[in-house]
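Asker: pasting the structure only:
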């Protein structure tokens, strides 16, 4: 191949046409990706999340649907101040900026208070430990009932006059009464301690009475001396 023919290929219209076509395709792809992603992700089109707390779930669901958002129940709770199916909490919070189609997670109020199992506290911990654990679980406590036993030791749990066992399910609205030791004991439980000196003295004492035989003056009589 001659040098003239070799360099002549670089100035041919066929080659430059292909180069221009490739350049156009690359530029079109760049613009397509940039603006296509903006359209797909709704760039610059933010939606403010409305306040849903205190609103019935059905109403909140309709409101979010009209806004282009999705509602989903993530948990349930109980607040006796509100009726059932009322939203207690939401995530994201009201006022947050989200994209269309974003999921809003809500916590819905239950129709009744939840029941929880009694933890392993009976004859297993002190009053302070039991009180802290039960309050953290949401239970309500009444004044303790004191019985004979080790001070501040939990001997039982009562609810509405019924003695509970570990694992029993009780509504958190039902108050509990802890049965706690008073630190005092019955007289029957008291132990009399005898010193060694007293014990030795008791051993020296003769528990038998001395009986003397009949005397010459009165052979029928006898004298009993201690």
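Answerer: On my side now, so go ahead. What you see is a predicted model; the values in this text were computed from it and never measured. Numbering: from 1, shown residues only.

Asker: what values do phi and psi take at residue 142?
Answerer: Main-chain torsions, residue 142, degrees, to the nearest 10: phi -100, psi 170.

Asker: what about the strands in the chain?
Answerer: Ranges of strands within the chain are 47-48, 70-77, 87-91, 97-98, 103-109, 115-117, 145-147, 154-159, 162-164, 169-171, 177-181, 210-211, 224-225, based on DSSP state E.

Asker: now the ones you listed in a markdown table, with distance to residue 17 and mean pLDDT?
Answerer: C-betas here are computed from N, CA, C, even on glycine. Formatted as a markdown table, these follow (distance: least, Cβ to Cβ, whole Å; pLDDT from 0 to 100):
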| stretch | distance to residue 17 | mean pLDDT |
| --- | --- | --- |
| strand 47-48 | 48 | 92 |
| strand 70-77 | 50 | 92 |
| strand 87-91 | 57 | 95 |
| strand 97-98 | 48 | 94 |
| strand 103-109 | 51 | 96 |
| strand 115-117 | 79 | 92 |
| strand 145-147 | 99 | 95 |
| strand 154-159 | 90 | 96 |
| strand 162-164 | 90 | 94 |
| strand 169-171 | 82 | 93 |
| strand 177-181 | 92 | 96 |
| strand 210-211 | 149 | 48 |
| strand 224-225 | 151 | 42 |
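
Asker: let me see the ranges of the helices in this structure.
Answerer: Counting by DSSP state H, the chain has these helices, from start to end: 3-8, 13-40, 57-67, 127-137, 196-204.

Asker: going by mean pLDDT, which of the ones you listed comes out lowest?
Answerer: Sorting the helices of the chain by mean pLDDT places helix 196-204 lowest, at a mean of 51.

Asker: burial check on the nearest residue to residue 55 once chain neighbours are set aside, number of neighbours?
Answerer: Nearest residue to residue 55 in three dimensions, chain neighbours excluded: residue 87, at 5.5 Å (Cβ to Cβ, 6 or more residues apart in numbering). Neighbourhood size, residue 87 [other Cβ atoms under 10 Å]: 24.

Asker: just checking, residue 87 touches residue 105?
Answerer: No: the criterion here is Cβ atoms under 8 Å, and residue 87 misses it with residue 105 at 10.4 Å.

Asker: ok, back up a step: quickly list what the residue nearest to residue 55 is bridged to.
Answerer: residue 108 (DSSP bridges).

Asker: again with residue 141
Answerer: Judged by DSSP bridges, the bridge partners of residue 141 are residue 176.

Asker: ok, now how distant is residue 69 from residue 108?
Answerer: As for residue 69, its distance to residue 108 is 17 Å (criterion: Cβ to Cβ, to the nearest Å).

Asker: so the protein: which segments form each domain?
Answerer: As assigned by automatic domain parsing, the chain contains the domains 47-109, 115-181.

Asker: could you dump those domains to a markdown table with distance to residue 20?
Answerer: Output for the domains of the chain, formatted as a markdown table (distance: least, Cβ to Cβ, whole Å):
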| stretch | distance to residue 20 |
| --- | --- |
| domain 47-109 | 39 |
| domain 115-181 | 74 |
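
Asker: of all the ones you listed, which lies closest to residue 21?
Answerer: Checking those against residue 21 by Cβ to Cβ gives domain 47-109 as the closest, at 36.8 Å.

Asker: what's the first-to-last distance across that closest one?
Answerer: One end of domain 47-109 to the other measures 26 Å (Cα to Cα, to the nearest Å).
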